[in-house]
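Colleague: Starting from these lines, generate the structure:
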Amino acid sequence: MNTKRELSEKAIDLLQELIAIPSFSSEEAQTAASIMNWLDLRNIPYRRSVNNIIAQNRYYDTAKPTLLLNSHHDTVKPNAGYTRDPFKAEIIDGKLYGLGSNDAGGALVSLMAAFAYFYEEANLSHNLILVASGEEENSGPNGLIKVISEIPEIALAIVGEPTLMQLAIAEKGLVVFDATVNGISSHAAHKNDENPIYKSIETLEWFKNFEFDQVSETLGPVKTTVTQINAGSQHNVVPAQVDLVVDVRVNDKYSNQQIAEIFEREAPCKVKARSLRHQSSSIDPYHPLVLAGVKLGRSTYGSPTLSDQAVLSCPSLKLGPGDSTRSHTADEFIHVEEIHEGITIYIDMLKEFLITSGD
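Modeller: Numbers count the residues shown, from 1 in each chain. A predicted model of the protein is given here:
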C-alpha cells in the first residue's frame, strides 16, 4: 500500500497532467484517458462509459452496501479575465495554477488517491465505487446521471467539490422556470390597458416578495430570483407578452415537484419548469460518515451551490480540498498543501467509517 505522502505526490502529478488537457463539458476524452492510465499504473481495473471512468474495490461484495466516491474532470471554459495560460499547470509559491485545478481537479485526484489507498483492503464495511465523471459543469446527459443507471445501487456518496475540507451535509436544489406575462399587442400611440410590460411590474414584485413557509436549519429559506427578462421588438409596438426566467434554489424541506406545484397554483402569470431533476441533497448530521469527519475537527454546513449531488437519491456528503469562491474565476488555483491535507482527511475519515462502522 502506498503511503499518504506518496499518493499525494502522484495525485498532484496527475492533476498537473489533467490541467494541461482541455476538457470542456462533453469534450473530456483525453482527460478520461489520463485517468485510465493512472489506474493502469496501479493495476486497478476500470471501465469507461462515454467519458466517465468507473472502478470498484478489489474485494467488492454484493452483500455489503456501497459507498460512491465521485468527482468530475470536465471544466468550464476559461473566462476573459485570465492573465495566465489556463492550461499551464505551474506551482508558484505553493499554489498550483490552471483551469480546473480547484473545481474540481483537486477533489478528483484526492478521492482517487483515497480510493487507491483502500483498493486492496479486504474487510471494509462498505464496497467502494469510484466514478470520475464528465459533464458536471453543464449537467449533461452523459455524466454521472448516466452512470447511476449502470452501476450497483448506491447506499451513500461522497461528492468531491471544493469545500475547504469542511462537511457540506446539505446542498440546495435548483429549478429554473420560464414565466410569461401575457397582454395585448398594439401600436404605442394608442391606449392599451393590457400592456404586458406594465403588467409585469406586479409579477416581478410577486416573485421578489414571495416566501416559502419552510426554512431549513442547514440551508435556510428557498431563494427565488428573477434573472432574465425579455420583451418587445421595436419602439412603437406594444408586445403581446413579456418573458421572464426565474431561478429557484430549493432547500431540503421541499421537492422540486412541490416547488413547481406551488408556483403553478399561486404565481400571477404562466410558469413552466425546465427540469425537475436537480433535487436538494442532504445527509443526517449524525450519520457515522459525518461523525467520522467531525471527529477529525471538520465542521458542517449547508451549501448553496449545485453539484452532481443533485442527481443522487441516496444520502450524500459534499467534501473536498479547495475553495468554492475560486471556482470559475480567472487564474484559478489550488494550494498544493490543500491536496495533501485533503488526501489525509479523506483517508483518515474513511478509515474511521469503513473499518469501525457497520452502517
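Colleague: didn't residue 278 look like it was pressed against residue 310?
Modeller: Yes. Residue 278 is within contact range of residue 310, at 4.0 Å (criterion: CB atoms under 8 Å). C-beta: built from backbone N, CA, C; applies to glycine.
Colleague: overlap in contacts of these two?
Modeller: 139, 173, 174 (CB atoms under 8 Å, 6 or more residues apart in numbering).
Colleague: can you put the residues you listed in TSV and add secondary structure, neighbour count and pLDDT?
Modeller: Shown next, in TSV, are the shared contacts of residue 278 and residue 310 (DSSP: H, G, I helix; E, B strand; the rest coil; neighbours: other CB atoms under 10 Å; pLDDT from 0 to 100):
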residue	secondary structure	neighbour count	pLDDT
139	coil	18	91
173	strand	24	94
174	strand	22	95
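Colleague: now, which of these sits nearest residue 133?
Modeller: residue 139 (11.4 Å; CB to CB).
Colleague: May I have stretch 226-237 exported as PDB, CA atoms only?
Modeller: Coordinates of each C-alpha in stretch 226-237 appear next as PDB, following Å, rounded to 0.1, in the frame of the first residue of the first chain:
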ATOM      1  CA  VAL A 226     -35.700  36.700 -11.500                       C
ATOM      2  CA  THR A 227     -32.600  36.500 -13.600                       C
ATOM      3  CA  GLN A 228     -33.800  37.400 -17.200                       C
ATOM      4  CA  ILE A 229     -36.400  39.500 -18.800                       C
ATOM      5  CA  ASN A 230     -37.200  39.900 -22.500                       C
ATOM      6  CA  ALA A 231     -40.000  41.700 -24.400                       C
ATOM      7  CA  GLY A 232     -40.600  43.900 -27.400                       C
ATOM      8  CA  SER A 233     -39.200  44.200 -30.900                       C
ATOM      9  CA  GLN A 234     -39.400  47.900 -31.800                       C
ATOM     10  CA  HIS A 235     -40.100  51.300 -30.100                       C
ATOM     11  CA  ASN A 236     -43.600  51.800 -31.400                       C
ATOM     12  CA  VAL A 237     -45.100  48.400 -30.800                       C
END
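Colleague: Could you list the residues in contact with that stretch?
Modeller: 185-189, 196-197, 200, 204, 207-208, 238-239, 241-247.
Colleague: Likewise for stretch 25-40?
Modeller: Residues contacting stretch 25-40 (CB under 8 Å, 6+ apart): 10, 14, 17-18, 21-23, 45-46, 48, 51-53, 55, 73-76, 112, 132, 134-138, 140, 142.
Colleague: Could you give the average pLDDT over that stretch?
Modeller: For stretch 25-40, the mean per-residue pLDDT is 98.
Colleague: Can you tell me how far the most centrally placed residue in the chain is from residue 7?
Modeller: Most central in the chain under CA atoms, centre = their mean is residue 307, positioned 1.2 Å from the mean C-alpha point. Using CB to CB, to the nearest Å, residue 307 is found at 24 Å from residue 7.
Colleague: Please apply the same query to residue 162.
Modeller: 19 Å.
Colleague: Could you do residue 219 as well?
Modeller: 34 Å.
Colleague: all helices for the stretch 201-350 of the chain, in order.
Modeller: 256-266, 288-295, 336-356 (DSSP state H, counting those that start in this stretch).
Colleague: For those helices, could you give me TSV that also reports distance to residue 303?
Modeller: Formatted as TSV, those follow (distance: least, CB to CB, whole Å):
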stretch	distance to residue 303
helix 256-266	17
helix 288-295	14
helix 336-356	17
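Colleague: Out of these, which gets nearest to residue 120?
Modeller: Comparing those by CB to CB, helix 336-356 comes nearest, at 13.0 Å.
Colleague: Strands of the stretch 151-300 of the chain, start to end?
Modeller: In the stretch 151-300 of the chain, the strands defined using DSSP state E, counting those that start in this stretch lie at 156-159, 167-171, 173-182, 186-187, 223-230, 237-238, 241-250, 270-273, 281-282, 300-303.
Colleague: Pick the most deeply packed of those.
Modeller: Mean neighbour count (mean count of other CB atoms under 10 Å) peaks for strand 167-171 among the strands of the stretch 151-300 of the chain, with a mean of 28.
Colleague: CA atoms only: put it into CSV for me.
Modeller: This file holds the C-alpha atoms of strand 167-171, laid out as CSV (Å, rounded to 0.1, in the frame of the first residue of the first chain):
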residue,chain,number,x,y,z
LEU,A,167,-18.6,18.9,5.6
ALA,A,168,-21.4,20.1,3.3
ILE,A,169,-24.2,18.0,4.8
ALA,A,170,-26.9,19.6,2.6
GLU,A,171,-27.0,21.2,-0.8
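Colleague: So what touches it?
Modeller: So strand 167-171 is in contact with 161, 216, 218-219, 251-252, 280-283, 285, 290, 293-294, 298-307, 309-310, 316-319, going by CB under 8 Å, 6+ apart.
Colleague: Next, the angle strand 241-250 makes with it.
Modeller: 140 degrees (axes from the mean of the first three to the mean of the last three CA atoms, to 10 degrees).
Colleague: any idea how far strand 167-171 is from the chain center?
Modeller: Computed by CA atoms, centre = their mean, to the nearest Å, the chain-centroid distance of strand 167-171 equals 11 Å.
Colleague: Please apply the same query to stretch 252-259.
Modeller: Distance, centroid of stretch 252-259 to centroid of chain: 18 Å (CA atoms, centre = their mean).
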